[in-house]
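Student: I would like the atomic coordinates for the input below:
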Amino acid sequence: MKRLFLAVLILAISQCSASDPGTTPIAAVEGVHLKNEKLSEVISDFESYIEKTMADLSIPGMAVAIVKGDELVYSRGFGVRALNGTEPVTPDTVFQLGSASKAFTAALVAQQVDAGRLNWNDRLIDYLPDFRLYDPWATREFTVTDALSHRSGLPANAGNFLITLGYDGDYAMRALRNIQPVYSFRSASGYSNIFPLWAARLVESLAGKSWEENVETNIFEPLGMNNSSLGLDAYQSAKNVAAGHWVIRAINGSRVVALPENWSYRSWVYTVGPAGGINSNAADMAKWIRMQMNNGSFDGRQIISKKSIDAMHSPYVSDGAGSYEGLGWIYSEYSPYPIIWHDGGTFGQTSMVAFVPGERLGIVILVNAFYLGLPDVLAIRFIDQYFGKPEVDYVARYIENMKAMAEAANVSSSDQDYPPLPLEHYEGNYSSDVYGQAQIIARNGSLTAIMGPRKLELAMEPWIRDTFKITLPDFFGTFSFATFQIDPEGKAESFTMYLFMEPGNVATFERAGS
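Tutor: Got it, this is the predicted structure:
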């Protein structure tokens, strides 16, 4: 998701320098309340681009808000809340923010810094003695800043699959100590949904109340974010709420399907609430951006100090392509000013929150379909237009990328020239220090792996000799692979599994017992 936006930024930075957006008062287009002719024209064109994008990708609904200075200048809903529905999306329609929630957790930490209860460079273990990483030195030196800037040295998305298997946040936090680093501590970015849980635990220990209570009383209430909420129950009970939709990629295009109300993975993002569990809408998120762009002040009240706002928006470790992890935010180089942003995805929805502090210009884009990275390219399109850069059809490139990914995923059928061993040679109980127990059993000419607290049953189809294609149940054809390692007696002694929610990462399960 982030990588796509970074690639788009490279293109944007290479374009011409900014032109003066102008300040001539004119009559505003519908939904625009400002005295800036250039911005009015940009928004009018951007609306048309959104409508075309929605038609091209069959997106049910979207909400957009734009802030200039300390003013909400534009907000509008597009389309409908649910596929084949009639209820329209409005600026007040509630969406799931996903990882854009991380900035809220960082803001709570900032408030504790402002209160003098800790410093950004304090060691986490001094406040939370049960914190552990695989590397003892990194454990001792790991700071509050490290917890929010993704520079632990662990692989990206480490621990995500634990949530899919049904483990809770506490288990995932403890499991980090068994995951070996792949980078030197603080040398590179390894994006995480688990470390924000430690940051939230720190806030709870200092404030004496839950992360949820802190968000409600310290952010939602002072900003007047009255339609924002936390948790799955609040999302499902909201009256004006966007439904979730999955996107099935195909070589000849994509298809959008509604997520069932009882879909088994709906709670995923709320299990890691401090990393992704906030529900909000375009109108409320515009208030959030106003506070961020105005040095922590909102309607005359200082919510976060300017010093802490600057700390959160600063670059700490490179993501590549001129972008850096901040504290709950991402800092990207751009001409004429850097962009501060974060996106999010919750399997059924996607989001983007971005602003240019040097211009005091911000945008929120919420989409009720799992088009990862799409709100990102829409945001950069808008920012490019505002600064007078040459027009680039980023969405067309996005669609081409989707087609390429669909082609790459169109894996040919298993190779019958290299059949597996008799399936009983693979059966047995296996164990991983991180991912727990796995039982492999033979059923109807294939294997089944039973894993995690939810007893998730993953179908393992014979592929090439000791490699099996794994299908994640109820996940619309999502698949990966696992390879068994065979001992001299021809019996599997372990297997290595490519993880679904941790792209590029593997887990090794050793046979337990005979």
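Student: how many residues are close by Phe475?
Tutor: 16 (other C-beta atoms under 10 Å). The C-beta positions use only the backbone N, C-alpha and C, and glycine is treated the same way.
Student: did I read that right, Asp319 in a strand?
Tutor: Yes - assessed with DSSP: H, G, I helix; E, B strand; the rest coil, Asp319 lies in a strand.
Student: can you report how many residues lie near the residue nearest to it when sequence neighbours are not counted?
Tutor: Spatial nearest neighbour of Asp319, chain neighbours left out: Ser189 (4.9 Å); criterion: C-beta to C-beta, 6 or more residues apart in numbering. Residues near Ser189, counting by other C-beta under 10 Å, number 22.
Student: first-to-last residue distance for stretch 117-133?
Tutor: End-to-end distance of stretch 117-133: 24 Å, with C-alpha to C-alpha, to the nearest Å as the criterion.
Student: what do you get for stretch 459-472?
Tutor: Using C-alpha to C-alpha, the end-to-end distance of stretch 459-472 comes to 7 Å.
Student: chain center to that stretch: distance?
Tutor: Computed by C-alpha atoms, centre = their mean, to the nearest Å, the chain-centroid distance of stretch 459-472 equals 28 Å.
Student: now that stretch: mean pLDDT?
Tutor: Averaged across stretch 459-472, the pLDDT comes to 95.
Student: stretch 397-412 now?
Tutor: Per-residue pLDDT over stretch 397-412 has a mean of 84.
Student: could you do stretch 163-182 as well?
Tutor: Stretch 163-182 comes out at a mean pLDDT of 97.
Student: which residues touch it?
Tutor: The contact list for stretch 163-182, computed with C-beta atoms under 8 Å, 6 or more residues apart in numbering, reads 130, 132-135, 138-139, 152-155, 158-159, 162, 190, 193-195, 197-198, 201, 265, 268, 271-273, 433-436, 451-456, 472, 500-501.
Student: of these, just the buried ones, PyMOL syntax please.
Tutor: This is the PyMOL syntax for the buried subset of the contacts of stretch 163-182, where burial follows 16 or more other C-beta atoms under 10 Å:
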select buried, resi 132+133+134+135+138+139+152+153+154+155+158+159+162+190+193+194+195+197+198+201+265+268+271+272+273+434+435+436+451+452+456+472+500+501
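Student: that older thread, tell me the spacing between the residue nearest to Asp319 and Ala275.
Tutor: Ser189 sits 15 Å away from Ala275, going by C-beta to C-beta, to the nearest Å.
Student: go on, Val203?
Tutor: Val203 is 13 Å from Ala275, by C-beta to C-beta.
Student: out of the helices and strands in the chain, which is least certain?
Tutor: Of the helices and strands making up the chain, the lowest-confidence element is helix 2-13, at a mean of 44, by mean pLDDT, DSSP states H and E.
Student: so Gln180: helix, strand or coil?
Tutor: Under the three-state scheme (three-state DSSP), Gln180 adopts coil.
Student: mind giving me the domain ranges of the protein?
Tutor: Split into domains by automatic domain parsing, the chain comes to 2-115+194-408, 423-511.
Student: dump these into JSON lines; add distance to Asn121 as well.
Tutor: Formatted as JSON lines, the domains of the chain follow (distance: least, C-beta to C-beta, whole Å):
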{"stretch": "domain 2-115+194-408", "distance to Asn121": "10"}
{"stretch": "domain 423-511", "distance to Asn121": "29"}
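Student: among those domains, which gets the worst mean confidence?
Tutor: domain 2-115+194-408 - the lowest mean pLDDT of these, at a mean of 90.
Student: how far off centre is it?
Tutor: So, by C-alpha atoms, centre = their mean, the centroid of domain 2-115+194-408 is 11 Å from its chain's centroid.
Student: circling back: is it correct that the residue nearest to Asp319 falls within a helix?
Tutor: No - counting by three-state DSSP, Ser189 is located in no helix; its state is coil.
Student: which ones are touching it?
Tutor: With C-beta under 8 Å, 6+ apart, Ser189 has these contacts: 150-151, 156, 317-319, 325.
Student: now for those, which sits with the most neighbours around it?
Tutor: Neighbour tally across those (other C-beta under 10 Å): the maximum, 25 neighbours, falls on Arg151.
Student: compute the first-to-last residue distance for stretch 334-349.
Tutor: 27 Å.
Student: should've said stretch 167-181
Tutor: By C-alpha to C-alpha, one end of stretch 167-181 lies 21 Å from the other end.
Student: tell me which residues in that stretch are buried?
Tutor: 167, 169, 171-177, 179, 181.
Student: which one of these is nearest Asn227?
Tutor: Taking C-beta to C-beta as the measure, Asn227 lies nearest Gly169 of the buried residues of stretch 167-181, at 25.5 Å.
Student: following the helix ranked longest in the chain, which helix or strand shows up next?
Tutor: Criterion DSSP state H: the longest helix present in the chain is helix 37-57. Helices and strands here follow DSSP states H and E; after helix 37-57, the next one along the chain is strand 61-68.
Student: would you mind writing the CA trace of that next one as PDB?
Tutor: What follows is strand 61-68, C-alpha atoms only, in PDB (Å, rounded to 0.1, in the frame of the first residue of the first chain):
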ATOM      1  CA  GLY A  61     -18.900   4.600  -2.600                       C
ATOM      2  CA  MET A  62     -16.400   7.200  -1.500                       C
ATOM      3  CA  ALA A  63     -16.100  10.200   0.700                       C
ATOM      4  CA  VAL A  64     -13.700  13.200   0.300                       C
ATOM      5  CA  ALA A  65     -12.900  16.200   2.500                       C
ATOM      6  CA  ILE A  66     -10.400  19.000   1.700                       C
ATOM      7  CA  VAL A  67      -9.000  21.500   4.200                       C
ATOM      8  CA  LYS A  68      -7.200  24.700   3.400                       C
END
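Student: what's the angle from that strand to helix 37-57?
Tutor: 160 degrees (axes from the mean of the first three to the mean of the last three C-alpha atoms, to 10 degrees).
Student: packing partners for strand 61-68?
Tutor: Here strand 61-68 touches helix 37-57, strand 71-79, helix 282-293, strand 361-367, going by 3 or more C-beta pairs under 8 Å, 6 or more residues apart in numbering; DSSP states H and E.
Student: parallel or antiparallel, list what pairs with it.
Tutor: Strand 61-68 pairs in its sheet with strand 71-79 (antiparallel), strand 361-367 (antiparallel), by DSSP bridges.
Student: pick the most deeply packed of those strands.
Tutor: strand 361-367 (a mean of 28; mean count of other C-beta atoms under 10 Å).
Student: not counting its own residues, what contacts it?
Tutor: Outside strand 361-367, the residues that touch it by C-beta under 8 Å, 6+ apart are 59, 61-68, 93, 95, 97, 242, 281-282, 285-286, 289-290, 292-293, 349-356, 374-375, 378-379, 382-383, 386.
Student: quick check: next helix or strand after it?
Tutor: Using DSSP H and E, the first helix or strand after strand 361-367 is helix 374-386.
Student: thinking again about what came up before, CSV for the strands paired with strand 61-68, including distance to Arg123?
Tutor: Shown next, in CSV, are the strands paired with strand 61-68 (distance: least, C-beta to C-beta, whole Å):
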stretch, distance to Arg123
strand 71-79, 41
strand 361-367, 34
